[in-house]
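Q: Prediction below, plus the sequence it came from.
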Amino acid sequence: MAEIVSLAEGVAELVNDGDTVALEGFTHLIPFAAGHEIIRQRRRDLELVRMTPDVVYDQLIGMGCARRLVFSWGGNPGVGSLHRFRDAVERGWPTPLEIEEHSHAGMANRYVAGASGLPFAVLRGYTGTDLPKHTGNIKPITCPFTGEVLTAVPALNPDVTVVHAQRADRAGNVQMWGITGVQKEAVLAARRSLVTVEEIVDSLDPTPNQVVLPTWAVNAVALVPGGSHPSYAQGYSVRDNEFYQSWDAISRDRDTFGTWMEQHVLDVRRDA
């Protein structure tokens with residue numbers, strides 16, 4: 001059963017040094033505020049998992065929180081590279097970063113396998129690519145029925161998944177809608193989960209194409225209005241395109257990046 005907590009309490013209770021941590025969201029409902037709290041609590045040695053690591057992962061990596069990244073695409077959407085990510089991979093700053101790269105289909109299927117309690121997923125998506133040569137846990141598998149050679153990838157079961165959603169009720173049931181990506185699967189696959197929400201309501205009204213995460217699938221819910229900024233929350237906020245553009249210059253220089261993080265993350269509290 002989900003407990004209603006502050007953001008600081010949720011991170012302190014659920015995210016530990018050395019954990020495999022997934023902060024999921026695709027363009028929409030990206031849990032930036034939770035990522036910033038992980039940085040403020042100075043978590044270290046994390047294996048970060050995300051289909052599309054963007055600015056919040058650039059920040060986590062640049063602040064020394066990560067030792068490894070498992071992903072299928074990385075960049076500043078619509079702008080270009082993640083400069084802190086590149087600095088860690090190419091120069092080991094502030095700490096060396098291992099990477100494990102997959103296709104989008106591979107990552108999505110890994111979450112689905114994890115959520116389903118299966119040891120691995122099977123797909124055709126890697127056929128004809130070089131990824132199996134560079135990623136050790138992409139393996140060929142022969143179909144026992146047709147003899148076709150397919151590809152297997154292991155299930156993803158993060159120690160903790162963090163997502164942002166539009167709302168939750170007071171019992172901890174969570175409702176989200178819009179572009180929901182793999183948030184549901186990532187939560188169901190995880191050993192622990194934290195959901196930040198725009199509002200907490202007495203009851204959840206039906207919404208078209210909604211996803212409801214039941215309270216039994218969630219460990220903690222934190223009220224964090226605006227917790228997805230600079231990404232957006234459909235029905236609550238719009239995407240801050242100017243921020244994504246400005247991040248390119250901020251993140252290119254180590255000192256500029258550090259000063260920005262001190263002013264806008266380390267010195268800011270987001271307790272609900």
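A: Everything's here; your move.
Q: residue boundaries of the helices in the stretch 151-272 of the chain?
A: For the stretch 151-272 of the chain, the helices defined by DSSP state H, counting those that start in this stretch cover 183-189, 241-252, 254-261.
Q: I meant the stretch 1-150 of the chain, not that one.
A: Going by DSSP H, counting those that start in this stretch, the stretch 1-150 of the chain shows helices at 7-14, 32-40, 55-62, 83-91, 104-116, 131-134.
Q: So which of the ones you listed is nearest residue 155?
A: helix 104-116 (3.8 Å; CB to CB). All C-beta atoms are positioned from the backbone trio N, CA, C, and that covers glycine.
Q: How far off centre is that closest one?
A: 14 Å (CA atoms, centre = their mean, to the nearest Å).
Q: Also stretch 94-104?
A: 14 Å.
Q: Could you do stretch 158-171 as well?
A: That offset, for stretch 158-171, works out to 12 Å (CA atoms, centre = their mean).
Q: And that stretch, what's buried?
A: 158-169 (16 or more other CB atoms under 10 Å).
Q: cool, and stretch 246-253?
A: 247, 250-251.
Q: Would you mind giving these as a markdown table with pLDDT added?
A: Converted to a markdown table, the buried residues of stretch 246-253 look like this (pLDDT from 0 to 100):
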| residue | pLDDT |
| --- | --- |
| 247 | 98 |
| 250 | 98 |
| 251 | 98 |
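Q: any chance of those residues in JSON lines, plus distance to residue 206?
A: As requested, these are arranged in JSON lines below (distance: CB to CB, whole Å):
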{"residue": "247", "distance to residue 206": "37"}
{"residue": "250", "distance to residue 206": "41"}
{"residue": "251", "distance to residue 206": "41"}
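Q: Among those, find me the one that's closest to residue 10.
A: So of the buried residues of stretch 246-253, ranked by how close each gets to residue 10 (CB to CB), first place is residue 247, at 25.6 Å.
Q: Roughly how far does the closest one sit from residue 86?
A: To residue 86, residue 247 is 13 Å away according to CB to CB, to the nearest Å.
Q: Counting by contacts, list what the helix or strand bottoming out on mean pLDDT in the chain packs against.
A: Lowest by mean pLDDT, DSSP states H and E among the helices and strands of the chain is helix 131-134, with a mean of 90. Here helix 131-134 touches no other helix or strand, going by 3 or more CB pairs under 8 Å, 6 or more residues apart in numbering; DSSP states H and E.
Q: And that helix, how far out from the chain middle?
A: Worked out by CA atoms, centre = their mean, helix 131-134 lies 23 Å from the chain centre.
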